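[1] Output the structure for:
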Amino acid sequence: MSEEESQPLRPFHLAFPVDDLPAARKFYTEVLGCTTGREKEESCVFKFFGHQIVAHRVPEMPELSTNPVDGKKVPAMHFGLVLEWDDWHNLRANLESKEVEFVLGPYTRYEDQPGSQATMFIKDPCGNHLEFKSFKDDSAIFDYHW
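    Next up, the predicted model:
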């Protein structure tokens, strides 16, 4: 079955490093509202908006590289989600109410263009960067024409 054929979307899995597992657990559960799955001394599974992410304890976090995007230093290594427009704004309000510091944004890229998207970057206490974005028109998510 090709990627273009319609099929139910399955959860993705992502493993990522943390150097302070208790702080990461608190952030993902209390700030982002994740629930936990299996927990071990060296790892913790989170239900991240319906997806499975796993924090793995490491002795030291890897060095972070950035790329210039829109005149900003965007972390080259990051993960996140594409949310529905209203969900993105609700998450933004929730993060602001919890006084979460934004690394970048919230702002709109490509304003008044076909690929217009709201985006914001935050980071967990271990330095992992997360991007949450939303498109006014979901057809632009994978559109290569603009």
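[2] Outline the domain layout of the chain.
    Here the domain parsing of the chain from automatic domain parsing is 9-58, 67-146.
[3] Please spell out which residues along the longest helix seen in the chain are buried.
    Counting residues, the longest helix found in the chain (DSSP state H) is helix 85-97. For helix 85-97, a neighbour-count test (16 or more other C-beta atoms under 10 Å) marks 88, 91-92, 95 as buried. Heads up, the C-betas are built off the backbone N, CA and C, glycines and all.
[4] before we move on, what about stretch 33-45?
    34, 44-45.
[5] Just send these back as TSV, with distance to Tyr28 too.
    Listed next are these as TSV, based on distance: C-beta to C-beta, whole Å:
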residue	distance to Tyr28
Cys34	4
Cys44	8
Val45	10
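[6] can you tell me which of the residues you listed lies nearest to Pro59?
    Set against Pro59, the nearest of the buried residues of stretch 33-45 by C-beta to C-beta is Cys44 (16.7 Å).
[7] just the buried residues of stretch 33-45 now: which is nearest Glu84?
    Among the buried residues of stretch 33-45, and counting by C-beta to C-beta, the member closest to Glu84 is Cys34, at 18.1 Å.
[8] is it true that the closest one touches Arg25?
    No. Contact criterion C-beta atoms under 8 Å: Cys34 and Arg25 do not qualify, at 9.0 Å.
[9] Between the buried residues of stretch 33-45, which sits nearest Asp137?
    Of all these, Cys34 has the smallest distance to Asp137: 28.4 Å, by C-beta to C-beta.
[10] Comparing the domains of the chain, which yields the minimum mean pLDDT?
    Mean pLDDT values for those show the minimum at domain 67-146, a mean of 92.
[11] Alpha carbons of the longest helix of the chain, as CSV, please.
    Coordinates of each C-alpha in helix 85-97 appear next as CSV, following Å, rounded to 0.1, in the frame of the first residue of the first chain:
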residue,chain,number,x,y,z
TRP,A,85,-6.0,25.4,14.3
ASP,A,86,-8.1,25.8,17.4
ASP,A,87,-6.1,23.2,19.3
TRP,A,88,-2.9,25.1,18.5
HIS,A,89,-4.4,28.3,20.0
ASN,A,90,-5.7,26.4,23.0
LEU,A,91,-2.3,24.9,23.6
ARG,A,92,-0.7,28.3,23.2
ALA,A,93,-3.1,29.8,25.8
ASN,A,94,-2.4,26.9,28.2
LEU,A,95,1.4,27.3,27.9
GLU,A,96,1.1,31.0,28.4
SER,A,97,-1.1,30.5,31.5
